[in-house]
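> Following is a predicted model, sequence given first.
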Amino acid sequence: MDIGTEHEATIEGRTGAFSARKLDQLWDDLVDKGNATVTVP
């Protein structure tokens, strides 16, 4: 779930690695906004 900022809340990563799609999304946040914060409950 992308909440419109560089903060990403996801259940991915709880039991293994992030998918290539999620890593691409995080990279895009880093490039576009200069910051990426991930919350994995």
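Perfect, I can see it now. Numbers count the residues shown, from 1 in each chain.
> can you count the residues close to the nearest residue to Arg14 once chain neighbours are set aside?
Nearest non-adjacent residue to Arg14, counting by Cβ to Cβ, 6 or more residues apart in numbering: Val40, 5.8 Å away. For every residue, glycine as well, the C-beta is placed using N, CA and C. When neighbours are defined as other Cβ atoms under 10 Å, Val40 has 11 of them.
> does Val40 really touch Ile11, like I thought?
Yes - between Val40 and Ile11 there is a contact at 6.9 Å, judged by Cβ atoms under 8 Å.
> show me the residues around the residue nearest to Arg14 that make contact.
10-14 (Cβ atoms under 8 Å, 6 or more residues apart in numbering).
> sec struct for Glu12, please.
Judged by DSSP: H, G, I helix; E, B strand; the rest coil, the three-state class of Glu12 is coil.
> ok, it - contacts?
Per Cβ under 8 Å, 6+ apart, neighbours of Glu12: 18-19, 22, 40.
> Max pairwise distance over those residues: which two?
The largest separation in the contacts of Glu12, counting by Cβ to Cβ, is between Ser19 and Val40 at 13.1 Å.
> the strands in this protein, which residues?
7-9, 37-39 (DSSP state E).
> ranking these by burial, who's on top?
Highest mean neighbour count of those: strand 7-9, a mean of 15 (counted as mean count of other Cβ atoms under 10 Å).
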